[in-house]
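**Q** coords please:
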Amino acid sequence: MSKQNKRYLPSKMCPICDRPFTWRKKWRLNWDEVKYCSKKCSGSNKKNVLNVL
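**A** Residues are numbered from 1 along each chain as shown. Modelled structure (predicted):
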């Protein structure tokens with residue numbers, strides 16, 4: 001068995017925290033639908049984040 005190269009995994013930018021996140025095995029079936037990097041970001045919205053600042 002050969003070791004897989006993880007350098008070439010697809011990535012996206014999170015619209016809430018503006019940080020990049022990479023493909024995970026748990027997202028293999030719905031990667032096109034994934035928008036947020038975490039549950040914390042998916043539970044908040046950009047308006048609430050900007051109002052706190």
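
**Q** show me which residues of stretch 14-28 are buried.
**A** 14, 16-17, 21 (16 or more other Cβ atoms under 10 Å). The C-beta positions use only the backbone N, C-alpha and C, and glycine is treated the same way.

**Q** for the most centrally placed residue in the chain, what are its contacts?
**A** Nearest residue to the geometric centre of the chain (Cα atoms, centre = their mean): residue 37, 2.8 Å. The contact partners of residue 37, by Cβ atoms under 8 Å, 6 or more residues apart in numbering, come to 14, 16-17, 19, 21.

**Q** 6 Å instead?
**A** Shown in contact with residue 37 (Cβ atoms under 6 Å, 6 or more residues apart in numbering): 14, 21.

**Q** also residue 14?
**A** If you count contacts by Cβ under 6 Å, 6+ apart, residue 14 has them with 21, 36-37, 41.

**Q** repeat that for residue 21.
**A** 14, 37.

**Q** go again with 7 Å.
**A** With contacts defined as Cβ atoms under 7 Å, 6 or more residues apart in numbering, residue 21 is in contact with 11-12, 14, 37.

**Q** which element is it on?
**A** Applying DSSP states H and E as the criterion places residue 21 in strand 20-22.

**Q** what's the nearest residue to residue 12 if we skip its chain neighbours?
**A** Counting by Cβ to Cβ, 6 or more residues apart in numbering, residue 21 is the residue found nearest to residue 12 once chain neighbours are left out, at 6.2 Å.

**Q** just the element for the residue nearest to the centre of the chain, please.
**A** Using DSSP H and E, residue 37 falls outside every helix and strand.

**Q** low-confidence regions, this structure specifically.
**A** 1-3, 45-53 (pLDDT under 70).

**Q** please report how far residue 4 lies from residue 31.
**A** 16 Å (Cβ to Cβ, to the nearest Å).

**Q** more crowded one of those two?
**A** More crowded of residue 4 and residue 31, by other Cβ atoms under 10 Å: residue 31, with 11 against 8.

**Q** I appreciate the help and will end here.
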